[in-house]
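Participant: below is the sequence, then the predicted model.
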Amino acid sequence: MTKSGLLPCLVLSALLARSPAWAAQPAASGAPTPASVAAAIRADGAAQALGALDDADTFDTVTDGIAAADPAWLALVPAMGPGLDADSGAAVSAALALALPQKPRLVLPLLDPATPALDPARVCAHPFMHDEVPDLKGYIRRSRAALRKVRDDGLRVVRDRCLAVMGTAKSVP
């Protein structure tokens, strides 16, 4: 695990340690929670846990939480990495891209070139389908502004890579 991937894992551990036992169960509505997804990943592995979410048509809850830049959902991303396939990986890439202008300091440490869905070359290339972002130019402007505010030495390389990719990227048709 890279140094940058350690912080989200520590945050997840802290969140789970503070969660009551009942929080590991899905909400009454059947929607997954960060704690229930983390528990499923620990128990069954990332691929099986994410597959079960997809089978239950609840994976959107996960990607919606990531896209909203919710720290509890973002903290799950490193654990999800090994289980991301072509479909779930594309959804997580797009969700991370949507979270980027909101909380770049939380998103940048999650980017990892060793995992295709988390590769800055993919996430920062605004991997959106169709009309997910109706104002793409505005999105790019907001993302660039947010990234430029990140001055942390530990995030500088990934921030600069993201800015470079963002400057040359074309949206997905």
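Facilitator: Yep, it's here. Residues are numbered from 1 along each chain as shown.
Participant: buried ones in the strand or helix carrying residue 142?
Facilitator: Residue 142 belongs to helix 136-148 when elements are defined using DSSP states H and E. Neighbour-count burial for helix 136-148, counted by 16 or more other C-beta atoms under 10 Å, picks out 139, 140, 143, 146, 147. In this view, the C-beta of every residue, glycine as well, is placed from N, C-alpha and C.
Participant: okay, those residues in JSON lines with pLDDT and distance to residue 168 next?
Facilitator: As requested, those are exported to JSON lines (pLDDT from 0 to 100; distance: C-beta to C-beta, whole Å):
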{"residue": "139", "pLDDT": "91", "distance to residue 168": "16"}
{"residue": "140", "pLDDT": "91", "distance to residue 168": "11"}
{"residue": "143", "pLDDT": "95", "distance to residue 168": "14"}
{"residue": "146", "pLDDT": "96", "distance to residue 168": "18"}
{"residue": "147", "pLDDT": "96", "distance to residue 168": "15"}
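Participant: reformat those as a markdown table; add distance to residue 99.
Facilitator: Shown next, in a markdown table, are these (distance: C-beta to C-beta, whole Å):
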| residue | distance to residue 99 |
| --- | --- |
| 139 | 12 |
| 140 | 15 |
| 143 | 10 |
| 146 | 10 |
| 147 | 12 |
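Participant: pick out whichever of those residues sits closest to residue 55.
Facilitator: residue 139 (31.4 Å; C-beta to C-beta).
Participant: what's the closest non-adjacent residue to the closest one?
Facilitator: residue 133 (4.7 Å; C-beta to C-beta, 6 or more residues apart in numbering).
Participant: how many residues are close by the residue lying closest to residue 37 once chain neighbours are set aside?
Facilitator: Excluding the flanking residues, the one nearest residue 37 by C-beta to C-beta, 6+ apart is residue 76, at 5.8 Å. By other C-beta atoms under 10 Å, 27 other residues sit near residue 76.
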